[in-house]
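Trainee: need a structure here:
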Amino acid sequence: MAVTVTEKPDSRPSSTGQEASADLHYTVRGTADDVAAKTALLEAAPAAHDGLVRQTARIEPVHIDSGDDAACVWDGTVRYGRFSGSPPPETGESVFSFDTGGGTQHVTQSLQTIGKYPAGAPDFQGAIGVTHDSVEGVDITVPVYSFSETHYLANSVVTPAYKATLFALTGTVNNDAFKGFAAGEVLFLGASGSKRGDADWEITFRFAASPNRTNFQVGPITVASKKGWEYLWVRYADAEDATAKVLVKKPVAAYVEKVYPDGDFAGLGI
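Mentor: Numbers count the residues shown, from 1 in each chain. Modelled structure (predicted):
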């Protein structure tokens, strides 16, 4: 049976618009579950009334029959009051922030060797920090676009199943276009949420974006495709530098590895 919420006829006395608070009164029918009754009350009551904002809601049992939902009746009271400062975001509103500070990545291969001195020094074809038996590489800053979105979601949306979906999608990469980014470019870093009194949920979603790349060089090797959150590593082998007449480490193969699973970000509901 559907839960119904009806405002009582005497709920709204005459008002001058100067009151510091006001209560609206409702009758809730159709459930023996107090949580379901309160959720239905919050969905039915307006977010604001007579210049005041919704602050609290409570329900009191009038008649409860656990075997017959249709016979269950609750009294509901929603309190409204003044809010100091800017009005809080309403259910359904969103707040956005971003950071282009970038991330750190260890690379063993340069984009280009600009110079080598003396002129007859061995040519490592872009390998960085070559020693007798290894390629040490260097840590660099790479493009990473970090952004977050805070959404205010109704109680009816933030169910245990929805929370489980957020958990399952954490650490996955978008399998389809998302927020203007191509598939493979966005990593979901997780979400944190808290309930705003009895009203709704404030949930912040955190993401990081890294660009997809195609047809780029790793020394003498052309890499056809690498998605933003795939991992590239290079294998090196000894080769003879005929000019310098020494053995050097040179890139002989490049590998693109999938390290994050794909996720359907439609499940985030944003």
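Trainee: any idea how far residue 57 is from residue 225?
Mentor: 53 Å (CB to CB, to the nearest Å). (C-beta placed from N, C-alpha, C; glycine too.)
Trainee: again but with residue 129, I slipped
Mentor: Applying CB to CB, the value for residue 129 to residue 57 is 63 Å.
Trainee: Could you do residue 252 as well?
Mentor: 68 Å.
Trainee: what about the two, which has more around it?
Mentor: Applying other CB atoms under 10 Å to residue 252 and residue 57 shows that residue 57 carries more neighbours, namely 19 against 15.
Trainee: What does the pLDDT read for the more buried one?
Mentor: Residue 57 is assigned a predicted lDDT (pLDDT) of 88.
Trainee: Would you list the phi and psi of it?
Mentor: Recorded main-chain torsions at residue 57 are phi -140, psi 140, according to degrees, to the nearest 10.
Trainee: Correct me if wrong: it contacts residue 198.
Mentor: Yes - contact status for residue 57 versus residue 198: in contact at 4.4 Å, counting by CB atoms under 8 Å.
Trainee: Give me the common contacts of the two.
Mentor: Between them, residue 57 and residue 198 share these contacting residues under CB atoms under 8 Å, 6 or more residues apart in numbering: 38, 42.
Trainee: How far off centre is stretch 69-85?
Mentor: In terms of CA atoms, centre = their mean, to the nearest Å, the centre of stretch 69-85 is set 32 Å apart from its chain centre.
Trainee: What is the burial count for residue 90?
Mentor: Neighbour tally, residue 90, other CB under 10 Å: 14.
Trainee: mind checking how far the closest residue to it other than its chain neighbours is from residue 8?
Mentor: On the basis of CB to CB, 6 or more residues apart in numbering, the spatially nearest residue to residue 90 that is not a chain neighbour turns out to be residue 47, at 4.9 Å. Between residue 47 and residue 8 the distance, using CB to CB, works out to 19 Å.
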